[in-house]
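Q: Prediction below, plus the sequence it came from.
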Amino acid sequence: MISPMRTSSLLLISNNEICNYIYSLLEEANHTPIVVSGPSDVLQYLKGKHHGIVFLDCKSVINFGLGIFSKFKVACPSCRLILICNKAHKEHREIIREAVDIGFYACLLAPYEDWEVLTMVRFYR
């Protein structure tokens, strides 16, 4: 059971390699990453929470639709939403623009360094 005082990082990341990388990195830094399978899992966790961190990749956004951005923000307005994207995917620019418009905390473009990911969660425990 997750302590209510501790903020977990939710990972809605379709790319297994990236998901495993972020999971391991957060776990090594004593965070509590939770891999979720879809937006409903994220919404269930965020509902009624004041704090939370959600990492999601562009592929997940494509699979579940741009509407998940606003659903997450409604469920937890102060949660940090962090988009993981590959700069080489030029078709993802629309997704990045939408994420910025809705108020995402950050967008990390691959290749990213460990410190970039850890900075997103450092002061939010």
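A: Right, received. Where do you want to start? Residues are numbered from 1 along each chain as shown.

Q: hey, let's count contacts and neighbours off CA atoms from now on
A: Will do.

Q: what's in contact with the longest strand anywhere in the chain?
A: When the chain is parsed with DSSP state E, its longest strand is strand 80-86. For strand 80-86, the external contacting residues (C-alpha atoms under 8 Å, 6 or more residues apart in numbering) are 51-58, 92, 96, 99, 104-111, 120.

Q: Centroid-nearest residue for the chain?
A: Geometric centre of the chain, nearest residue: residue 55, 1.3 Å, by C-alpha atoms, centre = their mean.

Q: On the three-state scheme, it is what?
A: Using DSSP: H, G, I helix; E, B strand; the rest coil, the structure places residue 55 in strand.

Q: So for it, what pLDDT did the model give?
A: Looking at residue 55, its pLDDT reads 95.

Q: residues touching it, list them.
A: 9, 10, 11, 12, 13, 81, 82, 83, 84.

Q: Residue 42: which of these is nearest?
A: Minimum distance to residue 42 across those is 7.1 Å, recorded for residue 10 (C-alpha to C-alpha).

Q: For beta bridges, what are the partners of the closest one?
A: residue 34, residue 54 (DSSP bridges).

Q: in the chain, which helix has the most residues?
A: Longest helix in the chain by number of residues (criterion: DSSP state H): helix 16-28.

Q: and it, which residues are buried?
A: 19, 22, 23, 25, 26 (16 or more other C-alpha atoms under 10 Å).

Q: swap in stretch 38-58?
A: 38-39, 42-43, 45-46, 51-58.

Q: Can you lay out those residues as TSV showing distance to residue 68?
A: Output for these, formatted as TSV (distance: C-alpha to C-alpha, whole Å):
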residue	distance to residue 68
38	10
39	7
42	10
43	9
45	14
46	13
51	18
52	15
53	14
54	12
55	13
56	10
57	12
58	12
